[in-house]
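Colleague: fold the following, please.
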Amino acid sequence: MKGTRENELKKDILIRAALLLISCAALIALPVPHVKAQSCAMCYQGAAASGAQGSLALRHGILLLFVPAISLFVGIFALIYHRRNVAR
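Modeller: Coordinates of the predicted model:
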């Protein structure tokens, strides 16, 4: 019984940690109006000249590049969390 209780506790902690990480990532990913002013003029002109289809492709590209970065971030912190009690 004690092993089952510990496993349930570990699962609960992992679920809470995952929800916290997902919530933080969602808050970071929210669009902020002043972020658009951070780009260089040449990039802005190139994106503006590409039209609606180019703008859509640019948005998809940004999201596509965002996924591996967040995956690495979450993976590293999950590894750190998992190994937090390893003897030093």
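Colleague: could you point out the helix or strand that follows whatever helix or strand residue 46 lives in?
Modeller: Assigned by DSSP states H and E, residue 46 belongs to helix 41-49. Where DSSP H and E defines the elements, the next helix or strand beyond helix 41-49 is helix 51-82.
Colleague: now that next one against helix 41-49, angle please.
Modeller: 120 degrees (axes from the mean of the first three to the mean of the last three Cα atoms, to 10 degrees).
Colleague: show me what counts as buried in helix 51-82.
Modeller: residue 74 (16 or more other Cβ atoms under 10 Å). (Each C-beta comes from the backbone N, C-alpha and C, glycine too.)
Colleague: for it, which helices and strands make contact with it?
Modeller: helix 2-29, helix 41-49 (3 or more Cβ pairs under 8 Å, 6 or more residues apart in numbering; DSSP states H and E).
Colleague: in this protein, which helix or strand is least confident?
Modeller: Lowest on mean pLDDT, DSSP states H and E among the helices and strands of the chain sits helix 41-49, with a mean of 79.
Colleague: now that helix: how far from the chain's centre is it?
Modeller: 26 Å (Cα atoms, centre = their mean, to the nearest Å).
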